[in-house]
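S.K.: Predicted model and sequence follow; I will ask about them next.
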Amino acid sequence: MYVKNNSFDEGTVFSNISQDAYNKLKEKEILLVGLADYIINTCHLLIDAGIRKLHLMDWDANINEQEEDKKLDKLRTSLKEANPDIDLKTYKSERPGEKLTNLLTEVDLIIDCTNHFPYSILIDQMAKKSGIPWIYGASAGAVCIYKFVNSHQGESISGWLSGSGIPASFGTCSNGLLTTINGIIASLQSTSAIKYLTEAEGKIDQQLYYIDIWNNKFDKININN
């Protein structure tokens, strides 16, 4: 978004984004759902770009409360250290569906950091109902999948997520995670968020990205055709 100088609040605005759009960006609110490993990368990139209002909500019924508190505290500390002035709100996983419904009246965009297909389907359905766009993302091994979903225009990817569209090679994290994939998915999510929130939606690629950085594979897929 801008080139940093000596501190986070000094810099030169990216020439393709007007100063007015940049100023409005500070008032936009983003909801990030889930605590997948790449969420910290995504959050830091958004803050560096000028976002000042973030809502973080865990959505994992399998995580115990102590572990959840530890993850949220670590994330909160890291983001506050990056920018003490950020407006940061966090929510635990208890009754997440109800909380998500309430939050959708406050935010401009949703970013999926659940890394869990069933949760992504629920986000897709709720986003479409509320008319708020969302950014899908998932990672496993050395692979990531990304898609900007135009829920505000009636688009849905629930059918693809619940069907046979997901490449079998995507697999699971049972064989570990190549951590460099986190930077890629975070960059894709945060960049499309910046484009949408600065009224450069026309610059967003509507295809789904499938990236395997270990096997040097990059595919763009039309999943709604």
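M.R.: Cool, got the structure.

S.K.: use CA for all of it now, contacts and neighbours both
M.R.: Will do.

S.K.: And stretch 26-37, end to end?
M.R.: 25 Å (C-alpha to C-alpha, to the nearest Å).

S.K.: Need the contact partners of it.
M.R.: Contact with stretch 26-37 is made by 39, 50-60, 71, 103, 106-115, 182, 197, as judged by C-alpha atoms under 8 Å, 6 or more residues apart in numbering.

S.K.: Buried residues in that stretch, which are they?
M.R.: For stretch 26-37, burial by neighbour count (16 or more other C-alpha atoms under 10 Å) applies to Lys26, Lys28, Glu29, Ile30, Leu31, Leu32, Val33, Gly34, Leu35, Ala36, Asp37.

S.K.: do stretch 104-117 as well
M.R.: By 16+ other C-alpha under 10 Å, the buried positions in stretch 104-117 come out as Leu104, Val107, Asp108, Leu109, Ile110, Ile111, Asp112, Cys113, Thr114, Asn115, His116, Phe117.

S.K.: Return it as PDB; C-alpha atoms alone will do.
M.R.: Extracted in PDB, the C-alpha atoms of stretch 104-117 (Å, rounded to 0.1, in the frame of the first residue of the first chain):
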ATOM      1  CA  LEU A 104     -21.900  -9.000   9.600                       C
ATOM      2  CA  THR A 105     -23.900  -5.800  10.200                       C
ATOM      3  CA  GLU A 106     -20.600  -4.100  11.200                       C
ATOM      4  CA  VAL A 107     -18.000  -5.200   8.700                       C
ATOM      5  CA  ASP A 108     -17.200  -4.400   5.100                       C
ATOM      6  CA  LEU A 109     -15.400  -7.700   4.200                       C
ATOM      7  CA  ILE A 110     -14.800 -11.200   5.600                       C
ATOM      8  CA  ILE A 111     -11.500 -13.100   5.300                       C
ATOM      9  CA  ASP A 112     -11.600 -16.900   5.900                       C
ATOM     10  CA  CYS A 113      -8.700 -18.100   8.000                       C
ATOM     11  CA  THR A 114     -10.500 -21.300   9.300                       C
ATOM     12  CA  ASN A 115      -8.600 -23.700   6.900                       C
ATOM     13  CA  HIS A 116     -11.600 -26.000   7.300                       C
ATOM     14  CA  PHE A 117     -14.000 -26.700   4.400                       C
END
